[in-house]
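Enquirer: coordinates for the following, if possible.
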Amino acid sequence: MVTYSDSGVDIDLEEITVSHLTSKLKETLKWQDIITESGHFAALVRLGDKAVAMSTDGVGSKILVAKMMEKYDTVGIDCIAMVVNDILCVGAEPLALVDYLAVEKPDPEVATQIGEGLVKGANLSKIAIIGGETASLPGIITDFDLAGTGMGLVDVDKIITGEKIEEGDVLIGIESSGIHSNGLSLARKVLFDEANLTIDDPIPGFPDLKVGEELLTPTAIYVQPIVELIKSSLEIHGLAHITGGGFNNLKRLKKGIGYDITNLPEPQPIFRSIYSLGVPLEEMYRVFNMGIGFVVILKEENTQKAMEILQKHVKVHLIGKVTSEKDKVKIKTFDGKELGM
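Expert: I've put the predicted structure just below:
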């Protein structure tokens, strides 16, 4: 049995650490008109009848897989994806981003590939990369680290925070492209350390799929379908980016409600392979997106129209409903078992 903590990542300790940090920062909120509370996917600052949405995120240990593959454009795409997908969750349209690249030693070829990936992600998102910072930090950084901070814009009366979510609302799940940029420490621990596989080996159970290629598949960018959806006449109650923490991310939208997820699609082979190597089922759904990268929540009567809009761009599934069970997520897993989170 292998867990996330075995790979060196303690989700529970991370939550405690973040709460200690944010508790110190709250006193600064008095200087501006802040709309969203800490813990949402993106922060909102009111500017008259508009609000600026901001989010920051990094690529994580997917960088180590990129190094093994000597292929670095994917991390640029992922940097854009993680930031803009979070900005979408408050109903904002992403506009621009600044990047931060910290390196052990400057490498023009690696920087070129990262830049190409950033451009690909920006073009898919229709955003401008307006600047950034590159720092050489030998002794602090090994190889490099990449992060981005993005901004978006939304009319104040069109902000989506999740406060309108109510019992009976439906959940539309948009498929992920695979593992994205979350849980890579656990995936690497299982595949490389426990199973002794290399990047060129097939993933267990799927002889046509190679380990490195599956781990390095770019994170899906959901800007086009979600922007079209929020610009429609439909009332959207909640938007959630399913990242680290899996479906527990839904709890970030509103307190006092629950989610019954009963109809998830078959997860991609990479997840089934990792599970077959000894990761507990609950840990799989607590760490990974398990095939769903984004969730839209709205009234049941608007389901068909919303799915028609989304299906023009992505694969979608009606995956569940909102319940009255306080802060409880119930999931029917791919092997028919039920988990409570």
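
Enquirer: from here on, contacts and neighbour counts on C-alpha atoms
Expert: OK.

Enquirer: restricting the selection to alpha carbons, write the worst-scoring helix or strand of the chain on mean pLDDT to CSV.
Expert: Sorting the helices and strands of the chain by mean pLDDT, DSSP states H and E puts helix 11-25 at the bottom, at a mean of 83. Extracted as CSV, the C-alpha positions of helix 11-25 are listed here (Å, rounded to 0.1, in the frame of the first residue of the first chain):
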residue,chain,number,x,y,z
ILE,A,11,-2.0,16.9,2.4
ASP,A,12,-3.3,17.4,5.9
LEU,A,13,-0.2,19.1,7.1
GLU,A,14,-0.3,21.3,4.0
GLU,A,15,-3.8,22.5,4.9
ILE,A,16,-2.7,23.3,8.4
THR,A,17,0.4,25.2,7.1
VAL,A,18,-1.7,27.2,4.7
SER,A,19,-4.2,28.1,7.4
HIS,A,20,-1.4,29.4,9.6
LEU,A,21,-0.1,31.5,6.8
THR,A,22,-3.5,32.9,5.7
SER,A,23,-4.5,33.7,9.2
LYS,A,24,-1.6,36.2,9.4
LEU,A,25,-2.5,37.7,6.0
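
Enquirer: moving C-terminal of it, what's the next helix or strand?
Expert: Sequence-wise, the next helix or strand beyond helix 11-25 is strand 43-47, with elements assigned using DSSP states H and E.

Enquirer: quick one: contacts of that following strand?
Expert: Where contact means Cα atoms under 8 Å, 6 or more residues apart in numbering, the residues beyond strand 43-47 that reach it are Gln32, Asp33, Ile34, Ile35, Thr36, Glu37, Ala51, Val52, Ala53, Met54, Ser55, Val156.

Enquirer: got it, and stretch 331-341?
Expert: 248, 260-267, 282, 286, 328-330.

Enquirer: buried residues, it. List them.
Expert: With burial defined by 16 or more other Cα atoms under 10 Å, the residues of stretch 331-341 counted as buried are Ile331, Lys332, Thr333, Phe334.

Enquirer: one more: stretch 64-78?
Expert: Within stretch 64-78, the residues that qualify as buried by neighbour count (16+ other Cα under 10 Å) are Leu64, Val65, Ala66, Tyr72, Asp73, Thr74, Val75, Gly76, Ile77, Asp78.

Enquirer: among the contacts of stretch 331-341, which are in strands?
Expert: When the contacts of stretch 331-341 are checked against strands (DSSP state E), the matches are Asp260, Ile261, Val329, Lys330.

Enquirer: related to what we said a few turns ago, out of the buried residues of stretch 64-78, what pair is the most spread apart?
Expert: Leu64 and Ile77 (15.3 Å; Cα to Cα).

Enquirer: what sits against the closest residue in space to Phe192 that isn't next to it in sequence?
Expert: On the basis of Cα to Cα, 6 or more residues apart in numbering, the spatially nearest residue to Phe192 that is not a chain neighbour turns out to be Thr198, at 6.4 Å. The contact partners of Thr198, by Cα under 8 Å, 6+ apart, come to Phe192, Val211, Gly212.

Enquirer: that older thread, from the ones in strands among the contacts of stretch 331-341, which two are the most distant?
Expert: Greatest spatial distance among those (Cα to Cα): Ile261 and Val329, at 7.5 Å.

Enquirer: may I see the buried residues of the strand or helix carrying Lys305?
Expert: Using DSSP H and E, Lys305 falls within helix 303-310. By neighbour count with 16+ other Cα under 10 Å, helix 303-310 contains the buried residues Thr303, Ala306, Met307, Leu310.

Enquirer: just give me the neighbour total for the residue nearest to the second one when sequence neighbours are not counted.
Expert: Right, the one you point to is Ala306. With Cα to Cα, 6+ apart as the measure, Leu229 is the residue that lies nearest to Ala306, at 6.9 Å, once sequence neighbours are left out. Residues lying near Leu229 (other Cα atoms under 10 Å) number 21.
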